[in-house]
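Q: one predicted model, sequence on top.
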Amino acid sequence: MNPLLLARSPALRGVVLRSARRFASTNPPKPKAPSASEANRAQNVKSDAREPITPAPTPSTSSVPSLDFSPVEESQERERTGARSSKDSLSSIERRRRFMSRVSLAFMLFGAGMGTWYLGRDWEDGELKELRIKPEEAPTSRWGRTTARFGGVFNFFTEPIWPELLPPPLPNGMQKPYTLLVSVDDLLVTSTWDRHHGWRTAKRPGVDYFIAYLSQFYEVVIFTTQYHYTANAVIDKLDPYQFFIQYRLFRDATRSVNGTPVKDLTYLNRDLSKVILLDTHPEHASAQPENAVILPKWTGDAKDRGLVAMIPFLESIAIYKPADVRPILEAYHDKDIPIEYAKKEAEAKQKHIEEWTRKGKQAGSLTLSSLFGGSSSPGANSPVPLTYLEQKRLEAQMQYREEQAYINTNKATFDKMIKEEQEAMAQQIPGTFWGAASALMGGVPPPPPPPQGQSAQTPGAETKPTA
């Protein structure tokens with residue numbers, strides 16, 4: 001076959017090229033070590049320096065040129081032109097943003113420093129009273145004043161919601177001289193729960209008489225750790241006509257100490273020398289234990305008389321009017337107050353009888369009736385007069401009976417007034433979501449509907465008689 005035709009055939013040409021590339025990519029044969037004769041011959045050639053050395057021609061292994069070649073990579077050094085790379089450079093907006101953040105941080109640090117310095121100023125008039133710090137316990141260093149003022153910022157979460165829990169006392173002659181704070185839980189009522197009836201609340205025996213009778217001597221205030229939406233319904237049952245309980249204080253009037261509600265009486269806006277707190281939980285009265293009387297919890301016993309038995313003790317304090325009730329409460333600390341006071345009152349009664357008998361015997365010898373054979377002791381036939389405490393007690397009991405008679409006589413009227421008030425409040429409450437939203441946005445609630453039989457009339461319009 002003609003070689004030119006083979007070269008022109010595409011299939012044969014591809015086979016030839018692949019064969020040439022495979023042959024060129026194979027490892028070249030390693031040169032063989034020269035033999036001894038060849039080494040001597042090369043040494044003789046080197047020794048003859050006068051003859052030029054000409055390399056021997058390398059025989060061609062193949063007549064086809066190699067197509068497998070790798071170009072020489074020349075190392076190109078990067079030349080610096082003096083221009084900054086855009087990768088490391090910042091835009092003008094980013095530079096402005098960083099500058100403003102640094103300025104803001106500087107102003108914040110400056111403001112914090114000035115605020116800290118201002119918090120360390122000297123105490124101002126009335127400031128210690130607002131922070132509930134006694135003057136002798138107030139810190140005197142600048143850092144102490146700073147920390148005390150800074151801590152007062154967080155008192156909103158732990159202190160009562162109002163700085164004064166009760167309004168100012170009434171003028172003289174109208175204000176009761178003493179304030180009686182009464183708890184609710186396990187003292188006036190107790191609550192039980194079962195699967196058949198759910199929650200049920202029972203009133204303690206004598207609770208109505210206790211509140212109504214002592215309201216003649218004390219400013220009765222209910223102070224409970226419950227929230228208003230659960231305690232109000234119970235208090236309404238204890239005093240439905242709001243005659244005897246003057247004020248109500250709930251959970252938001254307490255101070256939180258390690259998660260425990262504490263009744264701090266310094267917020268009461270009353271003289272603590274004339275305040276008595278009745279409670280069943282000592283931790284609730286831990287702020288002023290000298291003003292507290294801790295009573296045993298009532299567990300629902302229907303024959304319990306513990307609450308009524310406390311009346312003579314509290315009644316005597318209000319009748320004798322001591323300047324400070326705290327020493328009296330301290331004398332009965334950790335004692336059974338009803339029993340201990342009953343002993344004291346019995347001793348005082350016996351002493352009164354002995355003094356009356358002695359005075360009667362001394363006066364009997366000088367009376368005119370004794371000269372004509374009359375009795376030498378007027379006290380022997382006449383009864384012993386009542387003590388001052390007994391006289392005041394009779395007056396208070398008589399007043400209690402008159403109040404109860406007045407309430408029973410006008411009970412229907414009072415119930416009607418309460419019902420009308422509840423209906424008026426229900427009419428003012430929006431019945432829809434949009435009505436509540438408009439009321440919150442400042443809208444005026446619609447006027448109540450007119451009574452039956454009367455037509456609605458525009459305010460200011462005059463009615464004209466019909467012909």
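A: Sure thing, it's come through.

Q: I'd say Tyr332 and Glu340 touch.
A: Yes. Counting by C-beta atoms under 8 Å, Tyr332 does reach Glu340; the two are 6.1 Å apart. For the C-beta atoms, the positions are set from N, CA and C on the backbone; glycine is no exception.

Q: report the buried residues of the helix or strand Arg97 falls within.
A: Secondary structure assignment for Arg97, by DSSP states H and E: helix 92-119. Buried residues in helix 92-119, counted by 16 or more other C-beta atoms under 10 Å: Leu119.

Q: for the record, mean pLDDT for it?
A: Here helix 92-119 scores 91 as its mean pLDDT.

Q: repeat for stretch 247-267
A: Averaged across stretch 247-267, pLDDT comes to 93.

Q: residues in contact with it: which ones?
A: The contact list for stretch 247-267, computed with C-beta atoms under 8 Å, 6 or more residues apart in numbering, reads 132, 157-166, 181, 219, 221-228, 231-232, 235, 272, 275, 277, 279, 283-288, 291.

Q: sorry, back to before: following the helix holding Arg97 in sequence, what is the next regular element?
A: In N-to-C order, the element after helix 92-119 by DSSP H and E is helix 127-130.

Q: please point out which parts of that following helix sit buried.
A: By 16+ other C-beta under 10 Å, the buried positions in helix 127-130 come out as Glu127.

Q: go on, stretch 186-205?
A: Asp186, Leu187, Leu188, Val189, Thr190, Arg204, Pro205.

Q: same question, stretch 258-274
A: Buried residues in stretch 258-274, counting neighbours by 16+ other C-beta under 10 Å, are found at Pro261, Val262, Lys263, Asp264, Leu265, Tyr267, Leu268, Arg270, Leu272, Lys274.

Q: got it, and stretch 158-175?
A: Within stretch 158-175, the residues that count as buried by 16+ other C-beta under 10 Å are Glu159, Pro160, Leu165, Leu166.

Q: repeat that for stretch 229-243.
A: Ala231, Val234, Ile235, Leu238, Asp239.

Q: so of these, which ones are in helices?
A: Of the buried residues of stretch 229-243, the ones assigned to helices by DSSP state H are Ala231, Val234, Ile235, Leu238.

Q: which one of the buried residues of stretch 186-205 is nearest to Asp122?
A: Leu187 (45.4 Å; C-beta to C-beta).

Q: name the helices or strands packed onto the helix or strand containing Arg149?
A: Using DSSP H and E, Arg149 sits in helix 142-152. Packed against helix 142-152 by the contact rule (3 or more C-beta pairs under 8 Å, 6 or more residues apart in numbering; DSSP states H and E) you find helix 92-119.

Q: so what secondary structure elements neighbour the helix it packs on?
A: Here helix 92-119 touches helix 142-152, going by 3+ C-beta pairs under 8 Å, 6+ apart.

Q: quick one, what contacts Tyr213?
A: Ile311, Glu315, Ala396, Gln397, Tyr400.

Q: show me the shaky parts of the stretch 101-250 of the chain.
A: Counting by pLDDT under 70, the stretch 101-250 of the chain contains low-confidence ranges at 154, 156.

Q: report the contact partners of Pro139.
A: Applying C-beta under 8 Å, 6+ apart to Pro139 gives the contacts Arg145, Thr147, Ala148.

Q: dump those residues to TSV, plus distance to Ile93 and neighbour count.
A: Formatted as TSV, the contacts of Pro139 follow (distance: C-beta to C-beta, whole Å; neighbours: other C-beta atoms under 10 Å):
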residue	distance to Ile93	neighbour count
Arg145	45	18
Thr147	43	14
Ala148	46	18
